[in-house]
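Asks: Sequence below, structure please.
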Amino acid sequence: MIVEWLAEIGANLGLWVISWFDGIEIPDWFGMFAELLAQVLASAAGMGAWVPWGLLFSVVGAVFTLWGIIILVKAVRWVVGWVPTMGGS
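Replies: Presented below is the predicted three-dimensional model:
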C-alpha cells in the first residue's frame, strides 16, 4: 500500500515535469505505473510457497551491507592516503 502510494506520487511528479515541455507525448502506461506495480507485487506475493522471501531478503541485505562496508573501507583508506605522515603511494 505504501509502495503503491510512493509509485503514484513518483509517476505524478514525472508527468508534471514532462508537462513542462511542449510536443512530448506521454505513454499511457506511464500514468498507470502504480496500478502496474501493484499487479506485479500481487503476482509475486503468491510465489511465497516456492521462494523463501525472508531468506532471499536476508541474503540480499547481507550482500549490500558487505558492499557498503567495503566501499567505506576504501573511502577511509583514500582519505588516510592524503595525510602526509600516513600516506601511501
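
Asks: what number of residues lie near residue 35?
Replies: Counted with other CB atoms under 10 Å, residues neighbouring residue 35 total 14. C-betas here are computed from N, CA, C, even on glycine.

Asks: What of residue 38?
Replies: Around residue 38 there are 16 other residues, counting by other CB under 10 Å.

Asks: So it sits against residue 4, correct?
Replies: Yes - counting by CB atoms under 8 Å, residue 38 sits close enough to residue 4 to count as a contact (4.9 Å).

Asks: what does the domain assignment say about this protein?
Replies: When the chain is parsed into structural domains using automatic domain parsing, the resulting residue ranges are 1-51, 52-89.

Asks: can you give me the offset of the first one from its chain's centre?
Replies: If you compare the mean C-alpha spot of domain 1-51 with that of the full chain, they lie 14 Å apart, counting by CA atoms, centre = their mean, to the nearest Å.

Asks: pLDDT of that domain, averaged?
Replies: Along domain 1-51, the predicted local confidence has a mean pLDDT of 79.
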